[in-house]
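Student: Here is a sequence together with a model predicted from it:
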Amino acid sequence: MGKWGFMRLRCRVLTELISCLLCGSAAAGAPDISSILDSLRSVHPVGEVTISPDGKRVVYGNAITGKRDGADADVSALWIANAKDGSGATRLTACPGSVCDEHGAAWSPDGTQIAFVTTDARDQPQVAVASVAARNVKIITTAHGPLDTPRWSPEGDRIAFLYSEGAPKTPGPLNPLALDAGVMSSTVYEQRLASVSVHGGAATLLGPVDLNIYEFDWSPDGKRFVVTAAHGSGDDNWWVAELDLLDSQSGALTTLLKPFLQMASPRWSGDGTRIAYICGIMSDEGITGGDVYVINAVGGDPVDVTPNLSASVHTISWNGSNKRIVATEFAAGEEVLALIDVDLKMQRELWRAPEMIWANNLMGFAPGDSGISLTKNNSFSAVIRQSYTSPPEVETGPPGKWRPITSLNAAVKPLTGKAANRSWMSDGRSIQGMLVEPRVVEPGRRYPLIVEVHGGPAYAHYPIFPSRYDSFDAALANQGYFVFKPNPRGSYGQSEAFAQANVKDFGYGDLRDILSGLDAVQKSAPIDPERIGIFGWSYGGYMTMWALTQTGRFKAAVAGAGLSDWLSYYGTNNINTWMIPYFGASVYDDPKVYERSSPITFIKNVHSPTLIVGGDRDAEVPITQSYEYWNALRRMGVQTEFVVYAGEGHDFFRHADQIDVMTRIVNWFNTYLRRDSP
């Protein structure tokens with residue numbers, strides 16, 4: 001690794017990796033948080049689980065340490081085990097003796113084979129197929145570019161998958177942006193839908209060459225796919241994707257629907273006559289929430305089958321039915337498993353708890369496109385289950401009546417004290433959040449508190465056990481802080497109307513919700529009002545920058561991947577189509593609505609010490625947004641520090657950078673908020 005270069009003008013700009021991140025002047029005299037990092041690393045994240053059609057076996061994936069671009073990073077390993085009790089777990093791999101990134105397991109319709117994604121000697125993803133009985137594994141593709149999501153045809157003779165042939169980076173704006181150089185061009189590497197024989201051979205690319213496909217589902221007869229897709233740049237146009245039908249042989253495309261908002265998870269009904277999908281305002285691809293809509297497969301008007309639902313639907317599955325949908329939902333701090341009758345537009349809750357269940361996930365912080373894995377007859381199921389204080393394990397059983405079959409995290413202890421749902425009123429609305437306590441709360445003592453604002457804004461603080469490098473809330477609670485995690489308007493969990501309640505109002509109603517929640521927390525917990533800080537990443541970074549311009553309550557702040565100026569942001573980020581539903585028009589048509597919500601407009605109100613961090617290849621929130629805020633603060637004489645991580649995108653993947661950012665954030669708040677208070 002290279003050495004970090006520092007430029008000090010009341011700030012530190014980080015430009016390369018350092019070889020020792022927990023020693024030297026940057027951490028001199030600071031509390032040692034290595035034990036916190038070790039505890040986070042000791043958790044075995046369980047990324048996916050899928051149950052065989054007959055319910056006899058499960059395949060699950062957990063994270064191990066591998067390599068990505070030559071640096072240490074988390075990769076996935078797959079295991080196959082008895083579904084009743086987890087016994088006989090053995091590795092499912094196409095590269096025994098090596099560390100490959102293997103995920104995306106999918107059972108064949110007859111349950112005799114498993115398809116999954118593996119990596120070859122060049123770290124190139126490929127599709128592999130394993131025979132369950134013989135345990136032999138064969139790689140069936142010769143791909144050159146990112147691929148994912150293998151799914152079997154109903155006949156079991158072909159496997160379809162998403163493929164970006166020749167692309168220099170994995171699709172998705174969370175990943176590091178490819179570096180620009182020379183004359184700027186409009187070269188686009190579309191993510192296509194490909195299919196290949198289960199025996200291997202040349203893959204067939206389907207659909208127009210300029211069509212980027214995000215999600216797909218085979219029709220029950222295997223003749224068509226339903227896809228969410230958009231022409232042009234895949235990273236930028238998911239927010240305007242259409243619902244299309246794609247012929248599985250010819251690749252002929254038929255547009256079924258141009259929805260009014262974002263959509264996800266298209267699913268065929270069991271008889272092939274209807275298609276369900278989730279629709280609502282969504283600020284990030286893959287982070288799904290909304291209502292369930294159903295449309296006839298031959299076209300027509302879609303119908304909202306969950307009207308007035310006081311929750312946000314994450315995942316859906318017909319599982320062979322043509323009348324009922326199994327859904328997972330987030331409802332005011334609790335996860336719900338529900339059965340939706342699409343004709344009656346009613347649902348029955350099968351299970352509900354302040355926990356989280358999923359069958360796969362997005363990078364460990366949000367549900368993926370599968371909430372529960374069900375057998376062919378729907379009587380038995382598998383999930384990954386966890387809460388904020390109970391680590392994840394694979395559980396199986398009848399839906400809602402699961403029992404753990406793994407003990408991967410039996411030795412893991414929570415880093416924090418209690419974590420409880422809190423609710424309060426703001427502008428006539430009921431708002432929900434979570435309050436995390438320090439490990440020990442001594443009677444008669446008052447404690448510092450950090451407000452953590454989530455990303456999104458269409459997201460929520462879910463009851464997920466802290467295990468990621470960015471579990472800053474757990475690290476801070478372990479260091480003696482209360483951590484308040486509000487889900488203000490614009491979040492998932494209260495209804496689609498609630499998720500849309502911050503449209504054309506960023507920073508105003510949502511901040512009022514946060515501050516009124518802070519008022520409520522201070523009345524019920526031993527908080528020192530002079531030692532309150534604020535932190536967030538992405539939208540949370542924006543809200544941190546914004547809050548400092550609107551109130552003096554926060555005595556220290558950390559803004560990760562923050563956004564300081566909506567006007568300049570519009571023209572410099574790679575995904576500006578997401579902004580139209582939220583602001584009502586482009587910045588060129590209505591600049592005032594962007595200006596009124598920009599922190600830079602009110603920057604002279606900021607006085608709190610502020611740490612700013614971000615990746616220099618962030619496609620979602622360009623690092624220039626942090627430069628703007630930092631330059632303004634240092635010109636005004638506000639105590640600030642700015643750390644730029646080379647080669648990182650919106651989400652960090654290098655272990656060294658993950659350790660460094662955790663250390664700096666904890667030390668920043670320790671410096672400004674950790675004095676004792678009676």
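Tutor: Noted; the coordinates are in hand. Note that the structure is predicted; figures quoted are calculated from it, not measured.
Student: tally of neighbours for Gly428?
Tutor: By the measure other C-beta atoms under 10 Å, the count of residues near Gly428 is 5. Any C-beta I mention is one placed from the backbone N, CA and C, and that applies to glycine too.
Student: typo on my end, it should be Ile532
Tutor: Count around Ile532 with other C-beta under 10 Å applied: 22.
Student: is it fair to say it lies in a strand?
Tutor: Yes - Ile532 forms part of a strand when assessed by DSSP: H, G, I helix; E, B strand; the rest coil.
Student: now the helices for the stretch 501-650 of the chain?
Tutor: Ranges of helices within the stretch 501-650 of the chain are 509-524, 539-550, 566-572, 579-583, 591-595, 624-635, based on DSSP state H, counting those that start in this stretch.
Student: ok, now which ones touch the residue lying closest to Thr577 once chain neighbours are set aside?
Tutor: Excluding the flanking residues, the one nearest Thr577 by C-beta to C-beta, 6 or more residues apart in numbering is Trp239, at 4.4 Å. The contact partners of Trp239, by C-beta atoms under 8 Å, 6 or more residues apart in numbering, come to 262, 282, 285, 575, 577-578, 580-581.
Student: quick one: secondary structure of Trp239?
Tutor: Assignment for Trp239 (three-state DSSP): helix.
Student: Val226 is in contact with Leu256, correct?
Tutor: Yes - between Leu256 and Val226 there is a contact under C-beta atoms under 8 Å: 7.4 Å.
Student: Give me the neighbour count for Glu648.
Tutor: There are 24 residues near Glu648, going by other C-beta under 10 Å.
Student: Next one: the nearest residue to it once chain neighbours are set aside from Arg654, what distance?
Tutor: Residue nearest to Glu648 in three dimensions, not counting chain neighbours: Gly615, with 3.1 Å by C-beta to C-beta, 6+ apart. For Gly615, the distance to Arg654 (C-beta to C-beta, to the nearest Å) stands at 10 Å.
Student: More neighbours: which of the two?
Tutor: Gly615 (28 against 22).
Student: For Leu256 and Val226, list the residues in contact with both.
Tutor: What both Leu256 and Val226 touch, as defined by C-beta under 8 Å, 6+ apart, is the set 243-245, 275, 297.
Student: Return the members of the contacts of Trp239 classed as buried.
Tutor: Taking 16 or more other C-beta atoms under 10 Å as the criterion, what is buried in these is 262, 282, 285, 575, 577-578, 581.
Student: okay if I get those residues as CSV plus distance to Lys84 and pLDDT?
Tutor: Converted to CSV, the buried ones among the contacts of Trp239 look like this (distance: C-beta to C-beta, whole Å; pLDDT from 0 to 100):
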residue, distance to Lys84, pLDDT
Gln262, 39, 97
Met282, 37, 97
Glu285, 37, 93
Ile575, 45, 86
Thr577, 47, 90
Trp578, 44, 93
Pro581, 46, 94
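Student: Max pairwise distance over those: which two?
Tutor: Farthest pair in those (C-beta to C-beta) is Glu285 and Pro581. Separation: 13.7 Å.
Student: Just the endpoints, please. Distance across stretch 200-208?
Tutor: Taking C-alpha to C-alpha, to the nearest Å as the measure, stretch 200-208 stretches 23 Å from start to finish.
Student: which residues touch that stretch?
Tutor: In contact with stretch 200-208 (C-beta under 8 Å, 6+ apart) are residues 138-141, 143, 163, 165, 192-196, 213, 225, 227, 229, 231, 246-248, 251, 253.
Student: Report the buried residues of it.
Tutor: Buried positions in stretch 200-208, judged by neighbour count with 16+ other C-beta under 10 Å: 203-204, 206-207.
Student: So which of those residues belong to strands?
Tutor: Members of the buried residues of stretch 200-208 lying in strands (criterion: DSSP state E): 204, 206.
Student: Quick check: the two most widely separated of the buried residues of stretch 200-208?
Tutor: Longest span within the buried residues of stretch 200-208, C-beta to C-beta: Ala203 and Gly207, 13.3 Å.
Student: ok so, going back, which of the contacts of Trp239 lies closest to Pro622?
Tutor: Ile575 (10.5 Å).
Student: Was I right to think that closest one contacts Val621?
Tutor: No - the criterion here is C-beta under 8 Å, and Ile575 misses it with Val621 at 9.5 Å.
Student: So, low pLDDT: which residues of this protein?
Tutor: 1-32, 67-73, 169, 171-175, 177-186, 675-678 (pLDDT under 70).
Student: contacting residues for the nearest residue to Arg512 once chain neighbours are set aside?
Tutor: Closest residue to Arg512 apart from its sequence neighbours, by C-beta to C-beta, 6+ apart: Ser426 at 5.8 Å. Ser426 makes contact with 488-489, 512-513, 516-517, according to C-beta under 8 Å, 6+ apart.
Student: ok so, going back, out of the buried ones among the contacts of Trp239, the closest to Gly456 would be?
Tutor: So of the buried ones among the contacts of Trp239, ranked by how close each gets to Gly456 (C-beta to C-beta), first place is Met282, at 8.9 Å.
Student: Test my guess that the residue nearest to Glu648 contacts Pro176.
Tutor: Yes - under the criterion of C-beta under 8 Å, Gly615 makes contact with Pro176 at 6.9 Å.
Student: just to revisit the earlier point, export the contacts of Trp239 to TSV and append columns for distance to Asp470.
Tutor: Shown next, in TSV, are those (distance: C-beta to C-beta, whole Å):
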residue	distance to Asp470
Gln262	24
Met282	21
Glu285	19
Ile575	20
Thr577	26
Trp578	21
Ile580	29
Pro581	27
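Student: Report the secondary structure state of Asp657.
Tutor: For Asp657, the secondary structure call by three-state DSSP comes out as helix.
Student: circling back to that earlier point, now the buried ones among the contacts of Trp239 in a markdown table, with distance to Ser379?
Tutor: Listed next are the buried ones among the contacts of Trp239 as a markdown table, based on distance: C-beta to C-beta, whole Å:
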| residue | distance to Ser379 |
| --- | --- |
| Gln262 | 34 |
| Met282 | 33 |
| Glu285 | 34 |
| Ile575 | 42 |
| Thr577 | 43 |
| Trp578 | 41 |
| Pro581 | 40 |
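Student: ok so, going back, find residues that contact each of Gly615 and Pro176.
Tutor: Joint contacts of Gly615 and Pro176 (C-beta under 8 Å, 6+ apart) are 647-649.
Student: Closest one of the residues you listed to Tyr588?
Tutor: Among these, and counting by C-beta to C-beta, the member closest to Tyr588 is Gly649, at 26.8 Å.
Student: wait, doesn't the closest one sit right on Arg617?
Tutor: Yes - assessed by C-beta under 8 Å, Gly649 is found in contact with Arg617 at 5.2 Å.
Student: neighbour-wise, which of these two wins?
Tutor: Gly649 (23 against 19).
Student: Show the contacting residues for the residue nearest to that one when sequence neighbours are not counted.
Tutor: Excluding the flanking residues, the one nearest Gly649 by C-beta to C-beta, 6+ apart is Pro176, at 3.7 Å. Contacts for Pro176 (C-beta under 8 Å, 6+ apart) come out as 169, 615, 617-619, 647-649, 653.
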